[in-house]
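Visitor: Quick check, what structure comes out for this input:
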Amino acid sequence: GHLKEAHALQVEVLALRQEVFGGRHPDTIGASGNLALTLRSLGHLKEAHALQVEVLALQKELFGGRHPDTIGASENLALTLSDLGQLKEAHALHVEVLALRKELFGGRHPDTIRASENLVLTLSDLGQLKEAHALRVEVLALRKELLGERHPDTIRASENLAIALLDLGQLNEARTLRVQALALRKEIFGEKHRETIIASNNLADLYCNLGMLQHAEKIQLEAVRIAQETLGMQHPDTVLALLTLAEIYEKVPRIVDALDVLTKANEAISATSGSRHRWYQACQKIMTRVGNLEDATTGVRPSMIGIPITMDDISSPRNVDTPTSRRRRRDKFISWVRNGFS
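Guide: Have a look, this model is predicted:
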């Protein structure tokens, strides 16, 4: 969660590597790759993309297109292209990476299976849902065979299959998988492990989509409490849990509670990643939607009670110490996104 500090250190490391070894040394290229990953996590996608293009070109020139580091650089670039919405380019790279992984390592190697999982994400984004589902089924079967049903990667593959089922509208089947995943995570890791928190978040999100709002709120309040207690307010998993809780309150709708949660999420994102990060934009979108709702319990809209309806309003210094903003924060605290702030 300390992305800004990591970024500052990586800039310093890269400068030293360039000064001592030069720009074409493997350690310098590795430092550039690490900096690009942090830039991506911070939402600085154009800068990350430019650096990853440079890294990939150097890797190909120095090591060739079939070297594991070159393939890894291609994979990282593909993920950033997806984040930038350049889905066809990302898809082409993911297909190329998967083919190379299969050829060099075989279809059962962990890196090959991970490449399949990354390709699935782009297939889903492109709307190729049946192809994505088929590949998810294949990945889960391999995980079970190689690692067993209780391995973390197998449980994660099961949750990913649930995403594919959701995309296909098979909500009850997805619910079954997510309930199983949460039970396994609690049994293996305990309730306070971040993998369990993520599984709780995913199940609550599904209950929200099914209209089971009381179930969703109960699970998510507990997930938020544990995340805050064990990971801290600024951790990506805590922010994700807050965003999911806000979406649950949006659906009720309970406007003041939703705004309370969004304010806390926004403060954490601003402190760690800044306003350029896509999660900040997600907060903006939810805030705008909430601003157009009528509260189920009070029958009023935010504008009628003086509550700001954009994150810029909430973040503005003129609102920090007003009675309205203090009331809004009085007593309460959204898969993909892919990995936290990444």
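Visitor: from here on, contacts and neighbour counts on C-alpha atoms
Guide: OK.
Visitor: Dump the helix or strand hosting L146 to PDB, restricted to CA.
Guide: With elements taken from DSSP states H and E, the one containing L146 is helix 129-147. Provided in PDB are the C-alpha atoms of helix 129-147 (Å, rounded to 0.1, in the frame of the first residue of the first chain):
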ATOM      1  CA  LEU A 129     -17.400 -14.800 -22.900                       C
ATOM      2  CA  LYS A 130     -17.700 -18.400 -24.000                       C
ATOM      3  CA  GLU A 131     -14.000 -18.600 -24.900                       C
ATOM      4  CA  ALA A 132     -13.100 -17.100 -21.500                       C
ATOM      5  CA  HIS A 133     -15.400 -19.600 -19.700                       C
ATOM      6  CA  ALA A 134     -13.800 -22.600 -21.500                       C
ATOM      7  CA  LEU A 135     -10.300 -21.400 -20.700                       C
ATOM      8  CA  ARG A 136     -11.300 -20.900 -17.000                       C
ATOM      9  CA  VAL A 137     -12.600 -24.400 -16.800                       C
ATOM     10  CA  GLU A 138      -9.400 -25.700 -18.300                       C
ATOM     11  CA  VAL A 139      -7.300 -23.700 -15.800                       C
ATOM     12  CA  LEU A 140      -9.300 -24.900 -12.800                       C
ATOM     13  CA  ALA A 141      -9.000 -28.600 -14.000                       C
ATOM     14  CA  LEU A 142      -5.200 -28.200 -14.200                       C
ATOM     15  CA  ARG A 143      -4.900 -26.500 -10.800                       C
ATOM     16  CA  LYS A 144      -6.900 -29.300  -9.200                       C
ATOM     17  CA  GLU A 145      -4.900 -32.000 -10.900                       C
ATOM     18  CA  LEU A 146      -1.500 -30.400 -10.100                       C
ATOM     19  CA  LEU A 147      -2.100 -28.800  -6.800                       C
END
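Visitor: contacting residues around that helix?
Guide: Residues outside helix 129-147 that contact it (Cα atoms under 8 Å, 6 or more residues apart in numbering) are 108, 113, 116-117, 120-121, 123-124, 149, 153-154, 157-158, 160-161, 164-165, 167-168.
Visitor: Which among those residues count as buried?
Guide: Buried subset of the contacts of helix 129-147 (neighbour count, 16 or more other Cα atoms under 10 Å): 113, 116-117, 120-121, 123-124, 149, 153-154, 157-158, 160-161, 164-165, 167.
Visitor: pLDDT below threshold where in the stretch 1-150 of the chain?
Guide: Across the stretch 1-150 of the chain, the ranges flagged by pLDDT under 70 are 1.
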